[in-house]
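*Asks:* my questions are about this predicted structure, shown below with the sequence.
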Amino acid sequence: MVARAITSTVVGLEPRRVDVEAHLISADLPSFAIVGLADRACQEAKHRVQSGIVNAMLPWPARNRITVNLAPAALRKEGSGFDLPIALAVLAGSHQIPIGRLLEHACVGELSLDGRVRPVDGTIAVADGVRRAGLKFLVCAAESASEAALAGIQVIPVSHLAQAVAYLRGEEEIPFAAPPDSGDFEEPFVCDLAEVRGQERGRRALELAAAGDHNVLLAGPPGTGKTMLARRLPGILPPLTRDEALEVTRIHSVAGTLPAGRPIMLTPPFRAPHHGASAAAIVGGGAVPRPGEASLAHRGVLLLDELPEFPRTVLESLRQPLEDGVVSVARVGGHALFPARFRLVATMNLCPCGGRGDPAAECGCSPQRISAYREKVSRALLDRFDLVVAMPRPRAEELSAPPGEVSATVRSRVVAGRERLRDGDVLRRTEAASTLLDRAVEHVPLSGRGRARVARVARTIAALAGADSVLPEHLAEALSYRSPLGVPAA
Ligand SMILES: Nc1ncnc2c1ncn2[C@@H]1O[C@H](COP(=O)(O)OP(=O)(O)OP(=O)(O)O)[C@@H](O)[C@H]1O
Ligand SMILES: [Mg+2]
Ligand SMILES: [Zn+2]
(Lines give C-alpha, C1' and ligand atoms only; values in the text may rest on other atoms or scores of the structure.)
(Ligands and ions follow the chains in the order given, each with its own letter.)
Protein backbone atom coordinates (compact mmCIF):
# COMPACT_ATOMS: atom_id res chain seq x y z
CA MET A 1 0.00 0.00 0.00
CA VAL A 2 1.54 3.36 -1.02
CA ALA A 3 0.23 6.56 0.50
CA ARG A 4 1.45 10.04 -0.20
CA ALA A 5 1.68 13.28 1.78
CA ILE A 6 2.66 16.52 0.06
CA THR A 7 4.96 19.04 1.66
CA SER A 8 7.42 21.73 0.66
CA THR A 9 10.93 22.55 1.73
CA VAL A 10 13.13 25.59 1.29
CA VAL A 11 16.37 25.61 -0.69
CA GLY A 12 18.12 28.90 -0.09
CA LEU A 13 14.98 31.04 -0.06
CA GLU A 14 13.11 29.10 -2.74
CA PRO A 15 10.37 26.60 -1.93
CA ARG A 16 10.48 23.14 -3.53
CA ARG A 17 7.68 20.59 -3.46
CA VAL A 18 8.49 17.27 -1.82
CA ASP A 19 6.29 14.18 -1.93
CA VAL A 20 6.51 11.88 1.06
CA GLU A 21 5.60 8.35 -0.03
CA ALA A 22 5.00 5.64 2.54
CA HIS A 23 5.08 2.03 1.36
CA LEU A 24 3.84 -0.60 3.82
CA ILE A 25 4.23 -4.35 3.25
CA SER A 26 3.19 -6.98 5.76
CA ALA A 27 6.29 -8.65 7.06
CA ASP A 28 7.30 -10.89 9.90
CA LEU A 29 10.37 -8.80 10.51
CA PRO A 30 9.12 -5.21 10.98
CA SER A 31 11.32 -2.35 9.83
CA PHE A 32 11.10 1.41 9.26
CA ALA A 33 13.45 3.17 6.81
CA ILE A 34 13.59 6.68 5.36
CA VAL A 35 15.23 7.05 1.95
CA GLY A 36 15.65 9.96 -0.46
CA LEU A 37 18.69 12.07 0.52
CA ALA A 38 17.54 12.83 4.03
CA ASP A 39 19.92 14.54 6.46
CA ARG A 40 20.34 13.58 10.11
CA ALA A 41 17.37 15.53 11.39
CA CYS A 42 15.22 13.73 8.80
CA GLN A 43 16.62 10.36 9.84
CA GLU A 44 15.80 11.12 13.45
CA ALA A 45 12.23 11.67 12.29
CA LYS A 46 11.77 7.90 12.63
CA HIS A 47 11.88 8.12 16.41
CA ARG A 48 9.70 11.21 16.66
CA VAL A 49 7.14 9.82 14.22
CA GLN A 50 6.88 6.48 15.97
CA SER A 51 6.55 8.02 19.44
CA GLY A 52 4.21 10.71 18.15
CA ILE A 53 1.83 8.18 16.63
CA VAL A 54 1.80 6.02 19.75
CA ASN A 55 1.23 9.07 21.97
CA ALA A 56 -1.62 10.20 19.74
CA MET A 57 -3.26 6.94 20.86
CA LEU A 58 -3.09 5.55 17.33
CA PRO A 59 -1.90 2.05 16.49
CA TRP A 60 1.60 1.79 15.06
CA PRO A 61 1.56 -0.58 12.03
CA ALA A 62 3.86 -3.03 13.73
CA ARG A 63 3.73 -6.06 11.46
CA ASN A 64 5.01 -4.10 8.49
CA ARG A 65 8.10 -3.27 6.54
CA ILE A 66 7.70 0.51 6.20
CA THR A 67 9.70 2.45 3.63
CA VAL A 68 9.33 6.21 3.42
CA ASN A 69 10.68 7.87 0.29
CA LEU A 70 11.22 11.61 0.06
CA ALA A 71 10.87 12.55 -3.61
CA PRO A 72 12.55 13.97 -5.65
CA ALA A 73 15.45 11.91 -4.29
CA ALA A 74 18.07 14.21 -5.82
CA LEU A 75 17.00 17.14 -3.62
CA ARG A 76 18.82 17.28 -0.30
CA LYS A 77 16.25 17.27 2.53
CA GLU A 78 17.09 18.92 5.80
CA GLY A 79 15.36 19.82 8.99
CA SER A 80 12.53 18.43 11.02
CA GLY A 81 9.57 19.75 9.02
CA PHE A 82 9.07 16.35 7.39
CA ASP A 83 7.93 14.72 10.67
CA LEU A 84 4.25 15.55 10.22
CA PRO A 85 4.04 14.53 6.54
CA ILE A 86 5.88 11.28 7.30
CA ALA A 87 3.54 10.46 10.18
CA LEU A 88 0.46 11.25 8.12
CA ALA A 89 1.71 9.22 5.14
CA VAL A 90 2.34 6.22 7.43
CA LEU A 91 -1.14 6.62 8.95
CA ALA A 92 -2.74 6.85 5.50
CA GLY A 93 -0.70 3.83 4.37
CA SER A 94 -2.15 1.86 7.27
CA HIS A 95 -5.72 2.99 6.52
CA GLN A 96 -6.07 5.22 9.56
CA ILE A 97 -6.81 8.35 7.55
CA PRO A 98 -8.30 8.65 4.04
CA ILE A 99 -5.58 8.69 1.37
CA GLY A 100 -7.57 10.96 -0.95
CA ARG A 101 -8.24 13.63 1.67
CA LEU A 102 -4.57 13.69 2.67
CA LEU A 103 -3.64 14.40 -0.97
CA GLU A 104 -5.78 17.55 -0.93
CA HIS A 105 -3.68 18.98 1.89
CA ALA A 106 -0.03 19.88 2.15
CA CYS A 107 1.45 19.53 5.61
CA VAL A 108 4.58 20.60 7.46
CA GLY A 109 5.73 20.46 11.07
CA GLU A 110 8.05 18.91 13.59
CA LEU A 111 6.69 16.35 16.05
CA SER A 112 7.73 16.16 19.65
CA LEU A 113 7.87 12.73 21.25
CA ASP A 114 4.49 13.29 22.89
CA GLY A 115 2.89 14.02 19.51
CA ARG A 116 2.67 17.80 19.69
CA VAL A 117 3.17 19.64 16.39
CA ARG A 118 5.89 22.27 16.50
CA PRO A 119 6.55 25.14 14.09
CA VAL A 120 9.53 25.05 11.72
CA ASP A 121 11.62 27.89 10.27
CA GLY A 122 10.60 29.20 6.87
CA THR A 123 6.90 28.42 7.18
CA ILE A 124 5.87 31.35 4.98
CA ALA A 125 8.21 30.15 2.21
CA VAL A 126 6.89 26.60 2.61
CA ALA A 127 3.34 27.92 2.36
CA ASP A 128 4.29 29.86 -0.74
CA GLY A 129 5.61 26.62 -2.26
CA VAL A 130 2.30 24.93 -1.45
CA ARG A 131 0.43 27.67 -3.29
CA ARG A 132 2.78 27.40 -6.28
CA ALA A 133 2.28 23.62 -6.34
CA GLY A 134 -1.40 24.35 -6.94
CA LEU A 135 -2.63 23.17 -3.54
CA LYS A 136 -5.08 25.17 -1.48
CA PHE A 137 -4.70 23.75 2.03
CA LEU A 138 -1.83 23.50 4.46
CA VAL A 139 -1.85 21.74 7.83
CA CYS A 140 0.82 23.19 10.12
CA ALA A 141 1.63 24.11 13.72
CA ALA A 142 -0.75 26.61 15.30
CA GLU A 143 2.16 28.93 16.20
CA SER A 144 3.13 29.47 12.56
CA ALA A 145 -0.36 29.33 11.03
CA SER A 146 -0.85 33.07 10.85
CA GLU A 147 2.55 33.51 9.18
CA ALA A 148 1.67 30.76 6.66
CA ALA A 149 -1.69 32.39 5.89
CA LEU A 150 0.22 35.38 4.48
CA ALA A 151 1.04 33.23 1.46
CA GLY A 152 -2.60 33.34 0.44
CA ILE A 153 -3.68 29.73 1.07
CA GLN A 154 -6.08 28.17 3.57
CA VAL A 155 -4.17 27.16 6.68
CA ILE A 156 -5.38 24.58 9.18
CA PRO A 157 -3.65 25.17 12.54
CA VAL A 158 -3.06 22.05 14.64
CA SER A 159 -1.29 21.65 17.94
CA HIS A 160 -1.16 17.84 18.15
CA LEU A 161 -0.87 14.95 15.71
CA ALA A 162 -4.14 13.58 17.09
CA GLN A 163 -5.84 16.83 16.09
CA ALA A 164 -4.47 16.64 12.53
CA VAL A 165 -5.75 13.07 12.29
CA ALA A 166 -9.21 14.01 13.63
CA TYR A 167 -9.39 16.82 11.10
CA LEU A 168 -8.36 14.63 8.16
CA ARG A 169 -10.87 12.00 9.20
CA GLY A 170 -13.55 14.67 9.18
CA GLU A 171 -14.18 14.23 12.90
CA GLU A 172 -13.08 17.71 13.93
CA GLU A 173 -13.66 21.01 12.18
CA ILE A 174 -10.88 23.56 12.46
CA PRO A 175 -11.36 27.17 11.35
CA PHE A 176 -8.75 28.46 8.88
CA ALA A 177 -6.09 30.70 10.37
CA ALA A 178 -6.38 34.42 9.64
CA PRO A 179 -3.33 36.29 8.34
CA PRO A 180 -1.97 38.81 10.84
CA ASP A 181 -3.65 42.17 10.91
CA SER A 182 -1.10 44.86 10.09
CA GLY A 183 -2.25 47.15 12.87
CA ASP A 184 -1.41 44.57 15.51
CA PHE A 185 2.34 44.57 15.23
CA GLU A 186 3.29 48.21 14.85
CA GLU A 187 6.26 48.59 17.14
CA PRO A 188 7.05 52.01 18.56
CA PHE A 189 10.67 53.03 18.07
CA VAL A 190 12.23 53.28 21.45
CA CYS A 191 14.93 55.76 20.58
CA ASP A 192 14.17 59.11 19.03
CA LEU A 193 16.27 61.64 17.15
CA ALA A 194 15.19 64.31 19.62
CA GLU A 195 17.67 62.83 22.10
CA VAL A 196 20.63 63.67 19.87
CA ARG A 197 21.88 67.21 20.64
CA GLY A 198 23.68 69.24 17.99
CA GLN A 199 25.26 67.22 15.17
CA GLU A 200 23.19 69.02 12.55
CA ARG A 201 25.31 67.68 9.73
CA GLY A 202 25.04 64.12 10.97
CA ARG A 203 21.27 64.46 11.31
CA ARG A 204 21.06 65.90 7.82
CA ALA A 205 23.08 62.98 6.39
CA LEU A 206 20.77 60.54 8.17
CA GLU A 207 17.72 62.18 6.61
CA LEU A 208 19.30 62.04 3.15
CA ALA A 209 20.22 58.39 3.68
CA ALA A 210 16.63 57.57 4.60
CA ALA A 211 15.11 59.48 1.70
CA GLY A 212 17.47 58.33 -1.05
CA ASP A 213 18.77 54.97 0.25
CA HIS A 214 22.35 56.14 0.65
CA ASN A 215 25.16 54.65 2.72
CA VAL A 216 26.53 56.81 5.53
CA LEU A 217 29.83 56.83 7.37
CA LEU A 218 29.98 58.79 10.62
CA ALA A 219 33.55 59.51 11.67
CA GLY A 220 34.81 61.33 14.73
CA PRO A 221 36.25 61.13 18.21
CA PRO A 222 34.64 58.96 20.92
CA GLY A 223 31.46 60.01 22.67
CA THR A 224 30.16 62.42 20.04
CA GLY A 225 26.95 60.52 19.35
CA LYS A 226 27.96 58.47 16.30
CA THR A 227 26.48 55.20 17.53
CA MET A 228 23.52 57.06 19.00
CA LEU A 229 22.73 58.71 15.67
CA ALA A 230 23.30 55.57 13.60
CA ARG A 231 20.80 53.60 15.68
CA ARG A 232 18.14 56.17 14.91
CA LEU A 233 18.13 55.65 11.15
CA PRO A 234 15.45 52.91 11.20
CA GLY A 235 13.12 55.26 13.08
CA ILE A 236 12.96 57.76 10.21
CA LEU A 237 12.27 55.16 7.50
CA PRO A 238 8.72 54.67 6.24
CA PRO A 239 7.06 51.31 6.98
CA LEU A 240 7.53 48.56 4.40
CA THR A 241 5.02 48.19 1.58
CA ARG A 242 2.98 44.99 1.59
CA ASP A 243 5.21 43.30 -0.98
CA GLU A 244 8.36 44.38 0.84
CA ALA A 245 6.94 43.13 4.13
CA LEU A 246 6.29 39.69 2.63
CA GLU A 247 9.76 39.58 1.07
CA VAL A 248 11.48 40.58 4.32
CA THR A 249 9.31 38.24 6.38
CA ARG A 250 10.29 35.34 4.13
CA ILE A 251 13.99 35.92 4.69
CA HIS A 252 13.56 36.16 8.45
CA SER A 253 11.25 33.16 8.47
CA VAL A 254 13.87 31.01 6.73
CA ALA A 255 16.63 32.32 8.98
CA GLY A 256 14.53 31.75 12.10
CA THR A 257 14.89 35.38 13.17
CA LEU A 258 11.24 36.45 13.16
CA PRO A 259 10.64 38.26 16.45
CA ALA A 260 8.57 36.09 18.80
CA GLY A 261 4.85 36.64 18.42
CA ARG A 262 5.28 38.74 15.27
CA PRO A 263 4.49 36.67 12.20
CA ILE A 264 5.16 39.51 9.79
CA MET A 265 7.83 42.21 9.61
CA LEU A 266 6.15 45.51 8.79
CA THR A 267 8.97 47.88 9.63
CA PRO A 268 12.41 47.96 7.99
CA PRO A 269 14.75 45.53 9.73
CA PHE A 270 17.70 46.84 11.73
CA ARG A 271 20.76 44.65 12.10
CA ALA A 272 23.89 45.56 14.03
CA PRO A 273 26.29 42.59 13.96
CA HIS A 274 29.31 42.59 16.26
CA HIS A 275 32.70 42.89 14.58
CA GLY A 276 33.61 39.47 15.96
CA ALA A 277 30.92 37.75 13.88
CA SER A 278 32.11 35.39 11.15
CA ALA A 279 32.04 36.26 7.47
CA ALA A 280 29.34 33.63 6.92
CA ALA A 281 27.23 35.20 9.67
CA ILE A 282 27.54 38.67 8.18
CA VAL A 283 27.51 38.03 4.44
CA GLY A 284 25.73 34.67 4.36
CA GLY A 285 26.86 31.21 3.36
CA GLY A 286 27.87 28.04 5.14
CA ALA A 287 27.60 24.37 4.22
CA VAL A 288 23.83 24.72 4.08
CA PRO A 289 23.64 28.32 2.80
CA ARG A 290 21.86 30.63 5.21
CA PRO A 291 21.12 34.31 4.78
CA GLY A 292 23.60 36.48 6.67
CA GLU A 293 23.17 39.84 8.40
CA ALA A 294 23.39 41.59 5.01
CA SER A 295 20.25 39.76 3.88
CA LEU A 296 18.55 40.05 7.26
CA ALA A 297 18.99 43.81 6.77
CA HIS A 298 17.34 43.65 3.33
CA ARG A 299 15.11 46.74 2.83
CA GLY A 300 16.34 48.04 6.16
CA VAL A 301 19.53 49.13 7.86
CA LEU A 302 22.84 47.36 8.42
CA LEU A 303 24.91 49.08 11.11
CA LEU A 304 28.62 48.32 11.22
CA ASP A 305 29.66 50.08 14.40
CA GLU A 306 33.44 50.63 14.64
CA LEU A 307 33.98 49.79 10.98
CA PRO A 308 37.79 49.32 11.09
CA GLU A 309 37.37 46.60 13.74
CA PHE A 310 35.69 44.30 11.23
CA PRO A 311 38.01 41.84 9.48
CA ARG A 312 38.99 43.13 6.09
CA THR A 313 37.74 39.97 4.38
CA VAL A 314 34.25 40.62 5.77
CA LEU A 315 34.28 44.23 4.61
CA GLU A 316 35.54 43.28 1.17
CA SER A 317 32.87 40.64 0.71
CA LEU A 318 30.23 43.28 1.40
CA ARG A 319 31.34 45.20 -1.69
CA GLN A 320 29.37 43.00 -4.06
CA PRO A 321 26.01 43.24 -2.24
CA LEU A 322 26.55 46.98 -1.79
CA GLU A 323 26.72 47.25 -5.57
CA ASP A 324 24.19 44.67 -6.73
CA GLY A 325 21.82 44.27 -3.80
CA VAL A 326 22.28 40.49 -3.77
CA VAL A 327 24.60 38.02 -2.09
CA SER A 328 25.67 35.03 -4.11
CA VAL A 329 26.91 32.09 -2.04
CA ALA A 330 28.38 28.88 -3.36
CA ARG A 331 26.42 25.71 -2.63
CA VAL A 332 26.37 22.15 -3.87
CA GLY A 333 25.50 22.27 -7.54
CA GLY A 334 25.61 26.03 -8.04
CA HIS A 335 24.91 29.27 -6.26
CA ALA A 336 22.22 30.51 -3.94
CA LEU A 337 21.17 34.13 -4.31
CA PHE A 338 19.97 36.03 -1.28
CA PRO A 339 18.60 39.56 -1.61
CA ALA A 340 20.68 42.12 0.30
CA ARG A 341 19.56 45.64 -0.53
CA PHE A 342 20.23 47.54 2.66
CA ARG A 343 21.35 50.99 3.70
CA LEU A 344 24.76 50.71 5.29
CA VAL A 345 25.50 52.99 8.21
CA ALA A 346 28.96 52.76 9.72
CA THR A 347 30.92 54.56 12.39
CA MET A 348 34.62 54.96 13.05
CA ASN A 349 37.14 57.04 14.95
CA LEU A 350 39.70 59.06 13.06
CA CYS A 351 42.69 57.31 14.62
CA PRO A 352 43.34 54.24 16.80
CA CYS A 353 43.41 56.23 20.07
CA GLY A 354 40.35 58.21 19.08
CA GLY A 355 41.83 61.56 20.04
CA ARG A 356 42.17 62.88 16.50
CA GLY A 357 39.57 65.46 15.53
CA ASP A 358 38.91 66.36 19.17
CA PRO A 359 40.38 69.76 20.04
CA ALA A 360 40.30 68.89 23.74
CA ALA A 361 42.25 65.62 23.41
CA GLU A 362 45.83 64.73 22.63
CA CYS A 363 46.39 62.27 19.84
CA GLY A 364 49.67 60.43 20.14
CA CYS A 365 49.16 58.22 17.09
CA SER A 366 51.98 58.20 14.57
CA PRO A 367 51.09 58.92 10.92
CA GLN A 368 51.96 55.26 10.19
CA ARG A 369 49.48 53.98 12.79
CA ILE A 370 46.82 56.33 11.51
CA SER A 371 47.22 55.22 7.93
CA ALA A 372 47.32 51.55 8.98
CA TYR A 373 44.04 52.12 10.85
CA ARG A 374 42.37 53.81 7.92
CA GLU A 375 43.67 51.31 5.41
CA LYS A 376 41.55 48.66 7.09
CA VAL A 377 38.73 50.33 5.22
CA SER A 378 39.66 50.01 1.55
CA ARG A 379 39.26 52.83 -0.98
CA ALA A 380 36.80 50.65 -2.83
CA LEU A 381 34.61 50.28 0.23
CA LEU A 382 34.93 53.95 1.14
CA ASP A 383 33.84 54.79 -2.39
CA ARG A 384 30.48 53.17 -1.64
CA PHE A 385 29.67 55.60 1.15
CA ASP A 386 27.68 58.39 -0.49
CA LEU A 387 27.72 60.40 2.69
CA VAL A 388 30.85 60.75 4.81
CA VAL A 389 30.32 62.98 7.80
CA ALA A 390 32.74 64.23 10.43
CA MET A 391 31.11 64.22 13.85
CA PRO A 392 32.91 66.78 16.03
CA ARG A 393 32.58 66.97 19.78
CA PRO A 394 29.32 68.83 20.50
CA ARG A 395 29.88 72.22 22.05
CA ALA A 396 28.63 72.76 25.59
CA GLU A 397 25.79 75.02 24.44
CA GLU A 398 24.67 72.37 21.96
CA LEU A 399 24.46 69.71 24.66
CA SER A 400 22.32 71.95 26.88
CA ALA A 401 20.14 73.22 24.02
CA PRO A 402 16.47 72.15 23.88
CA PRO A 403 15.83 68.82 22.14
CA GLY A 404 15.94 68.77 18.34
CA GLU A 405 13.29 67.57 15.93
CA VAL A 406 11.56 64.30 16.75
CA SER A 407 11.93 61.30 14.46
CA ALA A 408 8.28 61.46 13.35
CA THR A 409 8.75 64.94 11.87
CA VAL A 410 11.87 63.90 9.98
CA ARG A 411 10.13 60.74 8.80
CA SER A 412 7.28 62.68 7.22
CA ARG A 413 9.80 64.70 5.18
CA VAL A 414 11.52 61.47 4.22
CA VAL A 415 8.24 59.99 2.98
CA ALA A 416 7.51 63.08 0.88
CA GLY A 417 11.05 63.08 -0.53
CA ARG A 418 10.84 59.40 -1.47
CA GLU A 419 7.61 60.04 -3.33
CA ARG A 420 9.22 62.79 -5.40
CA LEU A 421 12.23 60.57 -6.14
CA ARG A 422 9.98 57.80 -7.42
CA ASP A 423 8.75 60.28 -10.03
CA GLY A 424 11.70 59.52 -12.34
CA ASP A 425 11.94 62.37 -14.87
CA VAL A 426 11.07 65.32 -12.71
CA LEU A 427 14.49 65.78 -11.19
CA ARG A 428 16.90 66.53 -14.01
CA ARG A 429 20.12 68.42 -13.53
CA THR A 430 20.20 72.00 -14.71
CA GLU A 431 23.04 72.80 -17.07
CA ALA A 432 24.79 74.82 -14.39
CA ALA A 433 24.64 71.84 -12.04
CA SER A 434 26.09 69.54 -14.68
CA THR A 435 28.93 71.97 -15.32
CA LEU A 436 29.67 72.05 -11.61
CA LEU A 437 29.78 68.26 -11.48
CA ASP A 438 32.15 68.09 -14.46
CA ARG A 439 34.45 70.65 -12.90
CA ALA A 440 34.39 68.82 -9.56
CA VAL A 441 35.49 65.57 -11.20
CA GLU A 442 38.66 67.35 -12.25
CA HIS A 443 39.44 68.72 -8.80
CA VAL A 444 38.42 66.12 -6.24
CA PRO A 445 39.33 62.51 -6.78
CA LEU A 446 36.01 61.08 -7.95
CA SER A 447 35.73 57.64 -9.49
CA GLY A 448 33.09 56.89 -12.08
CA ARG A 449 31.06 55.34 -9.30
CA GLY A 450 31.73 58.35 -7.08
CA ARG A 451 30.43 60.67 -9.77
CA ALA A 452 27.24 58.66 -10.17
CA ARG A 453 26.75 58.56 -6.42
CA VAL A 454 27.22 62.31 -6.04
CA ALA A 455 24.61 62.81 -8.75
CA ARG A 456 22.20 60.53 -6.88
CA VAL A 457 22.73 62.34 -3.57
CA ALA A 458 22.14 65.66 -5.34
CA ARG A 459 18.79 64.31 -6.62
CA THR A 460 17.85 63.29 -3.09
CA ILE A 461 18.72 66.76 -1.81
CA ALA A 462 16.63 68.36 -4.57
CA ALA A 463 13.72 66.02 -3.82
CA LEU A 464 13.80 66.86 -0.10
CA ALA A 465 13.92 70.55 -0.97
CA GLY A 466 10.82 70.15 -3.14
CA ALA A 467 12.74 71.55 -6.14
CA ASP A 468 11.78 70.83 -9.74
CA SER A 469 15.32 70.17 -10.89
CA VAL A 470 18.78 69.57 -9.48
CA LEU A 471 20.42 72.95 -8.93
CA PRO A 472 24.11 73.80 -8.40
CA GLU A 473 23.48 74.29 -4.66
CA HIS A 474 22.16 70.72 -4.40
CA LEU A 475 25.24 69.41 -6.17
CA ALA A 476 27.54 71.47 -4.01
CA GLU A 477 26.04 69.98 -0.85
CA ALA A 478 26.26 66.47 -2.32
CA LEU A 479 29.94 67.02 -3.12
CA SER A 480 30.62 68.18 0.42
CA TYR A 481 29.93 64.65 1.70
CA ARG A 482 32.59 63.10 -0.53
CA SER A 483 35.75 64.48 1.11
CA PRO A 484 37.50 61.38 2.41
CA LEU A 485 36.71 61.20 6.12
CA GLY A 486 36.08 64.92 6.29
CA VAL A 487 39.30 65.53 8.17
CA PRO A 488 42.81 65.09 6.72
CA ALA A 489 44.80 62.12 8.01
CA ALA A 490 47.63 64.16 9.45
N1 LIG B 1 25.31 64.63 20.37
C2 LIG B 1 24.89 64.07 21.49
N3 LIG B 1 23.69 64.35 21.99
C4 LIG B 1 23.25 63.78 23.12
N5 LIG B 1 23.96 62.88 23.82
C6 LIG B 1 25.16 62.52 23.36
C7 LIG B 1 25.68 63.10 22.17
N8 LIG B 1 26.90 62.57 21.97
C9 LIG B 1 27.12 61.71 22.96
N10 LIG B 1 26.08 61.67 23.81
C11 LIG B 1 25.98 60.84 25.02
O12 LIG B 1 27.14 60.04 25.08
C13 LIG B 1 26.85 58.66 24.98
C14 LIG B 1 27.83 57.98 24.03
O15 LIG B 1 27.53 58.35 22.71
P16 LIG B 1 27.82 57.40 21.51
O17 LIG B 1 27.89 55.99 21.98
O18 LIG B 1 26.88 57.66 20.42
O19 LIG B 1 29.28 57.86 21.13
P20 LIG B 1 30.17 57.46 19.88
O21 LIG B 1 30.37 58.67 19.06
O22 LIG B 1 29.61 56.29 19.20
O23 LIG B 1 31.55 57.11 20.58
P24 LIG B 1 32.63 55.95 20.28
O25 LIG B 1 33.51 56.45 19.18
O26 LIG B 1 33.39 55.81 21.56
O27 LIG B 1 31.88 54.73 19.92
C28 LIG B 1 25.43 58.60 24.49
O29 LIG B 1 24.75 57.47 25.00
C30 LIG B 1 24.83 59.89 25.01
O31 LIG B 1 24.39 59.70 26.32
MG1 LIG C 1 30.17 54.29 19.13
ZN1 LIG D 1 45.15 59.04 17.98
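*Replies:* That came in fine, so what should we check first? Ligands and ions are numbered 1, 2, ... in the order given.
*Asks:* list the helices and strands the longest strand anywhere in the chain packs on?
*Replies:* Among the segments of the chain that qualify as a strand by DSSP state E, the longest is strand 14-26. The contact analysis (3 or more Cβ pairs under 8 Å, 6 or more residues apart in numbering; DSSP states H and E) places strand 14-26 against strand 2-11, strand 64-71, helix 83-93, helix 123-132. No exception for glycine: its C-beta is placed from N, CA and C like everyone else's.
*Asks:* so which of those is the most surrounded?
*Replies:* Most buried of those, by mean neighbour count (mean count of other Cβ atoms under 10 Å): helix 83-93, with a mean of 28.
*Asks:* which residues are in contact with the helix or strand that that one is followed by?
*Replies:* Later in the chain than helix 83-93, the nearest helix or strand by DSSP states H and E is helix 99-103. Applying Cβ atoms under 8 Å, 6 or more residues apart in numbering, the contact partners of helix 99-103 are Ala3, Arg4, Ala5, Ile6, Leu88, Ala89, Ala92, Leu168, Gly170.
*Asks:* run the last query once more with 6 Å
*Replies:* Ala3, Ala5, Leu88, Ala92, Leu168 (Cβ atoms under 6 Å, 6 or more residues apart in numbering).
*Asks:* nearest to Ala245 among those residues?
*Replies:* Relative to Ala245, the closest of the contacts of helix 99-103 is Ala5; by Cβ to Cβ it sits at 30.5 Å.
*Asks:* sorry, back to before: mind listing what the longest strand of the chain pairs with, with the direction of each?
*Replies:* With DSSP bridges as the test, strand 14-26 is paired with strand 2-11 (antiparallel), strand 64-71 (antiparallel).
*Asks:* and the first one, what's its mean pLDDT?
*Replies:* This points to strand 2-11. Computed over strand 2-11, the mean pLDDT rounds to 91.
*Asks:* with stretch 328-348 instead?
*Replies:* On average, stretch 328-348 scores 86.
*Asks:* same question for stretch 151-164.
*Replies:* 95.
*Asks:* circling back to that earlier point, show me what counts as buried in the longest strand of the chain.
*Replies:* By neighbour count on 16 or more other Cβ atoms under 10 Å, the buried set for strand 14-26 is Pro15, Arg16, Arg17, Val18, Asp19, Val20, Glu21, Ala22, His23, Leu24.
*Asks:* ok, now stretch 438-445?
*Replies:* So, applying 16+ other Cβ under 10 Å, buried residues of stretch 438-445: Ala440, Val441.
*Asks:* kindly report the same for stretch 377-384.
*Replies:* Val377, Leu381, Leu382, Asp383, Arg384.
*Asks:* off-centre distance for it?
*Replies:* Here stretch 377-384 is found 24 Å from its chain centre; the criterion is Cα atoms, centre = their mean, to the nearest Å.
*Asks:* just stretch 362-374 next, same as before
*Replies:* Put simply, stretch 362-374 sits 36 Å off its chain's centre (Cα atoms, centre = their mean).
*Asks:* and it, anywhere near ligand 1?
*Replies:* No - using Cβ under 6 Å from any ligand atom, stretch 362-374 stays clear of ligand 1, coming no nearer than 13.0 Å.
*Asks:* who in the protein is up against ligand 3?
*Replies:* For the chain, the contact set with ligand 3 under Cβ under 5 Å from the ion comprises Cys351, Cys353, Gly355, Arg356, Cys363, Cys365.
*Asks:* so which of the strands paired with strand 14-26 is nearest ligand 2?
*Replies:* Nearest of these to ligand 2, taken as Cβ to the ion: strand 2-11 at 36.6 Å.
*Asks:* tell me the SS of Val345?
*Replies:* Here Val345 is strand, with the state taken from DSSP: H, G, I helix; E, B strand; the rest coil.
*Asks:* quickly list what it is bridged to.
*Replies:* Val216, Leu303.
*Asks:* distance of it from Leu233?
*Replies:* Distance, Val345 to Leu233, using Cβ to Cβ, to the nearest Å: 5 Å.
*Asks:* ok, now Ala440?
*Replies:* Distance from Ala440 to Leu233, by Cβ to Cβ: 27 Å.
*Asks:* kindly report the same for Ala219.
*Replies:* Counting by Cβ to Cβ, the gap from Ala219 to Leu233 is 16 Å.
*Asks:* can you check Gly355 too?
*Replies:* Taking Cβ to Cβ, one finds Gly355 at 27 Å from Leu233.
*Asks:* between these two, which one's more packed in?
*Replies:* Using other Cβ atoms under 10 Å as the criterion, Gly355 and Leu233 rank with Leu233 on top: 23 against 17.
*Asks:* wait, isn't the more buried one in contact with Val301?
*Replies:* Yes - with contact defined as Cβ atoms under 6 Å, Leu233 and Val301 form a contacting pair (5.0 Å).
*Asks:* averaging pLDDT per element, find the lowest-scoring helix or strand in the protein.
*Replies:* helix 40-43 (a mean of 73; mean pLDDT, DSSP states H and E).
*Asks:* residues in contact with it: which ones?
*Replies:* For helix 40-43, contacts defined as Cβ under 6 Å, 6+ apart pick out Lys77, Gly79, Ser80, Phe82.
*Asks:* could you check the angle helix 83-93 makes with the helix or strand following that helix?
*Replies:* Taking DSSP H and E as the definition, the helix or strand that follows helix 40-43 towards the C-terminus is helix 45-55. Using axes from the mean of the first three to the mean of the last three Cα atoms, to 10 degrees, the inter-axis angle of helix 45-55 relative to helix 83-93 is 60 degrees.
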